[in-house]
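*Asks:* A structural model of the following input is requested.
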Amino acid sequence: MQISLEQQVALVTGASSGIGAGAAKALAAAGAAVVINYNSQAEPAEALARQINDSGGRAIAIGADVSKEEDVERLFAQTLDAFGFLDILVANSGMQKDAKAVDMSLADWNQVIGVNLTGQFLCARAALRIFTQQGIREGVSKAAGKIIHMSSVHQRIPWAGHVNYAASKGGVDMLMQTLAQEVSQQKIRINGIAPGAIRTAINRAETEGDAAQKLLELIPYGRIGDVDDIASAVVFLASDASDYIVGTTLFIDGGMSLYPEFRGNG
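*Replies:* Alright, predicted model coming up:
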């Protein structure tokens, strides 16, 4: 199946590295113009934009902190200034500030919730306002707009020592479903992706060597995921090939969310 996103514009938050960068590359390869959002890492985001442009695509990098309303409004305004439209939002920005609950500071709780959950709301709200005004672009997409919320297997699996992160991802799941229920009649499609263990530069220590072997005990399929596993799903959910998929989370985790510890009956 050949997927084309020609004439479409995609905004990917947190796209300077890892899953976000992979999604941006895949969307550009499918023909979309891509806005690469970053917070603090301007250089890799701008390098990725140059790489896409040098390959014949269209991309720009825009810095913005998605937990700040004024930054989000500027990000979306600059997207329209650059490309005129917005068809796809990949709400990917996320972070961790890990600690046991008894030791976790309120600042670390608020920062993670602010980026991972409030940030996804602010970006979704901005995108919905554009989609509603823009309407369906005939011959470009069957939907008036598509939002893909990047969540985690920890929207379902509790994770001791990461209560702020797990709570934020549980919130993302209900945010996604509620928004989908609210706007699907306007032909706006909203879905989620819940990655499991994905090998990126940030988590190299956890996905290589002895740590990787321990991690594989939690993955029935027997391998750690790659960024391309997620990027391919992003392109699919952004395309007309998934036009009847609404309010659904796609778990891409090699079976981690099947609780493999219970294969021997617990």
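*Asks:* When you work out contacts or count neighbours from here on, use the C-alpha atoms and nothing else.
*Replies:* Fine.
*Asks:* Okay, buried residues for the longest helix anywhere in the chain please.
*Replies:* The helix of greatest length in the chain, counted in residues with DSSP state H as the criterion, is given as helix 163-183. Within helix 163-183, the residues that qualify as buried by neighbour count (16 or more other CA atoms under 10 Å) are 163-173, 175-177, 179-180.
*Asks:* Do a quick rundown of the helices in the chain.
*Replies:* According to DSSP H, the chain carries its helices in the segments 18-29, 42-54, 69-83, 106-113, 119-134, 163-183, 209-216, 227-238.
*Asks:* Could you tell me the least trusted of those?
*Replies:* Mean pLDDT is lowest for helix 209-216 among the helices of the chain, at a mean of 91.
*Asks:* which outside residues touch that helix?
*Replies:* 205, 206, 207, 222, 223, 224 (CA atoms under 8 Å, 6 or more residues apart in numbering).
*Asks:* Show me what counts as buried in it.
*Replies:* Along helix 209-216, the positions that meet the burial threshold by neighbour count (16+ other CA under 10 Å) are 212, 215, 216.
*Asks:* Could you do stretch 132-144 as well?
*Replies:* Judged by neighbour count using 16+ other CA under 10 Å, the buried positions of stretch 132-144 are 136, 137, 140, 141, 142, 143, 144.
*Asks:* ditto for stretch 234-248
*Replies:* Residues 234, 235, 236, 237, 238, 239, 240, 243, 246, 247, 248 are the ones in stretch 234-248 that count as buried (16+ other CA under 10 Å).
*Asks:* can you pull the contacts of the closest residue to residue 161 other than its chain neighbours?
*Replies:* Of all residues beyond its chain neighbours, the one nearest residue 161 is residue 100 (4.4 Å), with distances taken as CA to CA, 6 or more residues apart in numbering. Residue 100 sits next to 160, 161, 162, 163 when contact means CA under 8 Å, 6+ apart.
*Asks:* quick one, what contacts residue 181?
*Replies:* Shown here is residue 181, whose contacts under the criterion CA under 8 Å, 6+ apart are residue 247.
*Asks:* make it 10 Å
*Replies:* Contact criterion CA atoms under 10 Å, 6 or more residues apart in numbering gives 175, 189, 190, 246, 247 as the residues in contact with residue 181.
*Asks:* got it, and residue 179?
*Replies:* Residue 179 makes contact with 121, 124, 125, 128, 147, 188, 189, 190, 191, 247 under the criterion CA under 10 Å, 6+ apart.
*Asks:* quick one: the last one and residue 129, what's the gap?
*Replies:* Put plainly, it is residue 247. Distance of residue 247 to residue 129, given as CA to CA, to the nearest Å: 19 Å.
*Asks:* Kindly export stretch 177-191 (C-alpha atoms) in PDB.
*Replies:* This file holds the C-alpha atoms of stretch 177-191, laid out as PDB (Å, rounded to 0.1, in the frame of the first residue of the first chain):
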ATOM      1  CA  GLN A 177     -10.900   9.800  23.600                       C
ATOM      2  CA  THR A 178     -12.900  12.700  24.800                       C
ATOM      3  CA  LEU A 179     -11.600  15.000  22.100                       C
ATOM      4  CA  ALA A 180     -12.400  12.300  19.500                       C
ATOM      5  CA  GLN A 181     -15.900  12.000  20.800                       C
ATOM      6  CA  GLU A 182     -16.400  15.700  20.800                       C
ATOM      7  CA  VAL A 183     -15.200  16.600  17.300                       C
ATOM      8  CA  SER A 184     -15.400  13.500  15.100                       C
ATOM      9  CA  GLN A 185     -18.700  14.700  13.600                       C
ATOM     10  CA  GLN A 186     -16.700  17.500  12.100                       C
ATOM     11  CA  LYS A 187     -14.600  15.000  10.200                       C
ATOM     12  CA  ILE A 188     -11.700  15.500  12.500                       C
ATOM     13  CA  ARG A 189      -9.900  12.300  13.400                       C
ATOM     14  CA  ILE A 190      -8.100  11.900  16.700                       C
ATOM     15  CA  ASN A 191      -6.200   8.800  17.700                       C
END
